[in-house]
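In: Take this sequence and fold it.
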Amino acid sequence: SRYQHENLLQLFDVVNLDGRLCLIIEYAVLGSLQDRLAGGGGFMPLTYDLRLKIAVGAAKGIQFLHEFYDKPLIHRNLKSSNILIDARFNAKVSDFGLAEILANNNCDPISTAALHRWLAYRPPEVNLAKMNPQYDVYSFGVVS
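Out: Below is the predicted model of the structure:
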């Protein structure tokens, strides 16, 4: 993957197994931010310092995507379940299934059906205008 940053989940390889594509990705041993905030799995609650570290890491990952040289990227699906946490409590932004490369600083509006499950994370103007990096900034604010 061209988009390599310490706060993005790393894609190692894509393998074709009997006609099915499989992604070989970095393992985030502590699961998602959503899981950690819910307090499940026998984990201790996140301290303020760890929450801040995770938030800053996720912000750095998103900033990298938005400022990536000749091909900036809008994530378009930033939410607590898509921020994974490694063994050192580093944030790893993941799930780029709805991401889109910026062309002329705008992306086409995303279909309403594709985002119904994530209504709480999307800005109110999502269907009214072309998408831009501020979409991810709004979603990050909801997560934070």
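
In: residues of the longest helix along the chain that come out buried?
Out: Longest helix in the chain, counting residues (DSSP state H): helix 48-66. The neighbour-count check on helix 48-66 (16 or more other C-beta atoms under 10 Å) flags 51, 53-55, 57-66 as buried. Heads up, the C-betas are built off the backbone N, CA and C, glycines and all.

In: From Asp13, how far out is Gly141?
Out: From Gly141 across to Asp13, the span is 34 Å (C-beta to C-beta, to the nearest Å).

In: Let me see the residues that make contact with the longest helix of the chain.
Out: By C-beta atoms under 8 Å, 6 or more residues apart in numbering, the surrounding residues in contact with helix 48-66 are 3, 5-8, 33, 46, 72-75, 78, 83, 85, 89-93, 99, 133, 136-137, 140, 143-144.

In: Check which helices and strands the helix or strand just after it sits against.
Out: Using DSSP states H and E, the next helix or strand after helix 48-66 towards the C-terminus is strand 73-74. On a contact count with 3 or more C-beta pairs under 8 Å, 6 or more residues apart in numbering; DSSP states H and E, strand 73-74 meets helix 48-66, strand 100-101.

In: Since that was my last question, I'll sign off now.
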